[in-house]
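> sequence and computational prediction follow.
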Amino acid sequence: MEGKKQIESRKRTFPAVCDIFQNEGSVVLNMEMPGVEREDLEISVDNDRLIILGKKKIAHPEGEFRIREIQDGDYYHEFTIDSTIDRNKIDAVIKNGVVILTLGIKESEKPRKITVEVK
């Protein structure tokens, strides 16, 4: 096609939309990462930083694009976690494009009842 412009493909970084809530024993993060497969998800803890990186890969059909709005790219989110989080009790699940991270709270930091003695 004459006068056709070449569209430069750039890798993008997308924000991972996230909800965070806490229950008695843990802090839970639900992060939307549509298009990310388990093998393309990296989660790491470095001191007080929790880093989540998901790589979105889109299969491209043969032929020329007329319109291209769906992009390959990475989801990236970094959190600061405090000393109440047990670094050895972090679990992750991905289901239907949602990453669910469960961060265990240290036993010493969990709410507890104190028995009152009568003397």
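Happy to help now that I have it.

> pairing partners for the helix or strand of the chain with the lowest mean pLDDT, with directions?
Every helix and strand in the chain was compared by mean pLDDT, DSSP states H and E; the lowest is strand 12-15, with a mean of 79. Partner strands and pairing direction for strand 12-15 (DSSP bridges) are strand 73-80 (parallel).

> what pLDDT, on average, does the partner strand get?
Averaged across strand 73-80, pLDDT comes to 90.

> what of stretch 36-45?
In this model, stretch 36-45 has a mean pLDDT of 93.

> list the buried residues for that stretch?
The neighbour-count check on stretch 36-45 (16 or more other CB atoms under 10 Å) flags 36, 40-41 as buried. Quick note: C-beta positions are derived from backbone N, CA and C, even for glycine.

> ok, so of those residues, who is nearest K57?
Nearest to K57 out of the buried residues of stretch 36-45 is D40 (CB to CB; 6.6 Å).

> return the distance of that closest one relative to K56.
7 Å (CB to CB, to the nearest Å).

> for D19, same thing?
In terms of CB to CB, D19 sits 20 Å off from K56.

> looking at the two, which is more packed in?
K56 (20 against 10; other CB atoms under 10 Å).

> give me the phi and psi angles of that one.
phi -100, psi 120 (degrees, to the nearest 10).
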